[in-house]
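Colleague: quick one, structure for this:
(chains A and B)
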Amino acid sequence: MPTLLRTFDVVGSGLSAQRTRMNVAAMNIANKNTTRTEEGGPYRRRDVVLQSVEIDGPTFANALDRHIDGDLSEEQGSWGVAVDEIAVSDDDPILVYDPGHPDADETGHVATPNVSSIKEMVNMMGAARAYEAGTTVLSTLSEMAEQAMRIGK
Amino acid sequence: MSIRAINLEQVLPQAVPQEPKTQGTGFGEALARSMQGVEQVAQNADQATEAMVSGQTDIHEAMIAMEKADLVIKMGTTVRNKLLDAYRQLSQVS
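Modeller: Below you'll find the model as predicted:
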């Protein structure tokens, strides 16, 4: 059942991508008030950039395999998703007037992370819903396979 | 097919001569063939679960590997049942 198992891999790549989105949202929320980082200055918001990747598609080995078997048709690859990069936001830090803060500058302003709790919550919910959709695909997929095995019974 | 590195032992003539492959389509052989893939997938599920428990992969990856193993094993038993049915039917011919 190669094609069925491949669909499992496609869905799995989507689930992994949503887990990464969730992780990055958690990172942003956790660092909402972080004013010190290794690279200096306040924490900067991270964004996940996704890219579609071929999963076990027309790679050279597969093409060779099929040509040896005499199948000369062009195969359409299965496109999964992968995290291309975790981009660091260039937005300016939010300046908050707090002269008592140890990291306040001479005008009494503190540079705080450019993280918006509301946006991060929306990202988080989006990731959770997309993950849920993926798991629904998975259970439907197994149902289909089991239905197929009942053919003739 | 995956492309493997060439192993000298396999290429050189002094390598162990391959056993002639039987062209048989006996019931036993058909059964054994259908079980080969099952074993591989079950092993993958084992590895994925270990990797998950040791914190290397996510839960869903282990679950997907187990689901795949479940389906392939079910398919294996379905094939086995069909073969046994066919065998029984034939053994009643007399």
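
Colleague: can you tell me the closest non-neighbouring residue to A:His101?
Modeller: Leaving aside its chain neighbours, A:His101 sits nearest to A:Val110 (4.6 Å; criterion: C-beta to C-beta, 6 or more residues apart in numbering or on different chains). No exception for glycine: its C-beta is placed from N, CA and C like everyone else's.

Colleague: which residues touch the one you found?
Modeller: By C-beta atoms under 8 Å, 6 or more residues apart in numbering or on different chains, the contact set of A:Val110 is A:Thr35, A:Leu95, A:Val96, A:Tyr97, A:Asp98, A:His101, A:Asp103, A:Ala104.

Colleague: again, only using 10 Å
Modeller: A:Val110 makes contacts with A:33, A:35, A:42, A:93-104, as judged by C-beta atoms under 10 Å, 6 or more residues apart in numbering or on different chains.

Colleague: how far away is the residue of chain A found nearest chain B from B:Ala62?
Modeller: Nearest to chain B, among the residues of chain A, is A:Asp65, at 4.0 Å (C-beta to the nearest C-beta). Per C-beta to C-beta, to the nearest Å, A:Asp65 is found 28 Å from B:Ala62.

Colleague: so which of those two has more stuff around it?
Modeller: Counted by other C-beta atoms under 10 Å in any protein chain shown, A:Asp65 and B:Ala62 do not tie: B:Ala62 has more neighbours, with 19 against 14.

Colleague: for B:Thr49, see how far away that one is.
Modeller: B:Ala62 is 5 Å from B:Thr49, by C-beta to C-beta.

Colleague: next: A:Phe8.
Modeller: 16 Å.

Colleague: one more: A:Ile68?
Modeller: Counting by C-beta to C-beta, the gap from A:Ile68 to B:Thr49 is 35 Å.

Colleague: could you list the low-pLDDT ranges of chain A?
Modeller: Low-confidence segments of chain A (pLDDT under 70): A:1-2, A:56-63, A:66-67, A:70-76.
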